[in-house]
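[1] Quick one, structure for this:
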Amino acid sequence: MNSYLIIENNKEVTIKSIKQWHTYGGLLEGIPNDKMNARIIERTKIEAKEFSHMEEIYLIEPKEMPIDYDGKYPFGNPAALPGVTCVAELWHNDVFRDTNKMFSSLCIIWFQEDYAFPIDEEIVKAIKEIPFSKICGEFDY
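    The predicted model follows:
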């Protein structure tokens, strides 16, 4: 298991911490739907800020898979997000904008079918495309 990723322009970032849970853990009734999924994503953004103590959050947009349902579901269009929600704090031992700071960090959110590790290849590709140096926070130890 590697605790680092290579991102833009061959920068190495360390996965400082990661938190994962079942996307629909606790769902007792009904089926996943687009409205529920939107609430899950918004709640996850809030949890990511609390988890990382940062405002710099980046969501890798999840793919919703339609769920076949006979008739019209009254609570939204049936659709499911991938089964596991992942929130990770990435650190880089350099800064890009404020030379008075000591390191940069970004919290990312993604969804995949199984617990990491490994991180799904599709997600790794998406992480490499994040403009880390432009959107990360810069901090002191």
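
[2] for the longest strand along the chain, which positions count as buried?
    In the chain, assigned by DSSP state E, the strand with the most residues is strand 11-22. Using 16 or more other Cβ atoms under 10 Å as the test for burial, strand 11-22 gives 11, 13-15, 18-19. C-betas here are computed from N, CA, C, even on glycine.

[3] Against which helices or strands is that strand packed?
    strand 4-7, helix 34-52, strand 84-92, helix 132-135 (3 or more Cβ pairs under 8 Å, 6 or more residues apart in numbering; DSSP states H and E).

[4] run the last query once more with 10 Å
    Applying 3 or more Cβ pairs under 10 Å, 6 or more residues apart in numbering; DSSP states H and E, we find strand 11-22 packed against strand 4-7, helix 34-52, strand 84-92, strand 103-112, helix 132-135.

[5] Now it: average pLDDT?
    Taken as a whole, strand 11-22 has an average pLDDT of 94.

[6] This completes my enquiry, with thanks.
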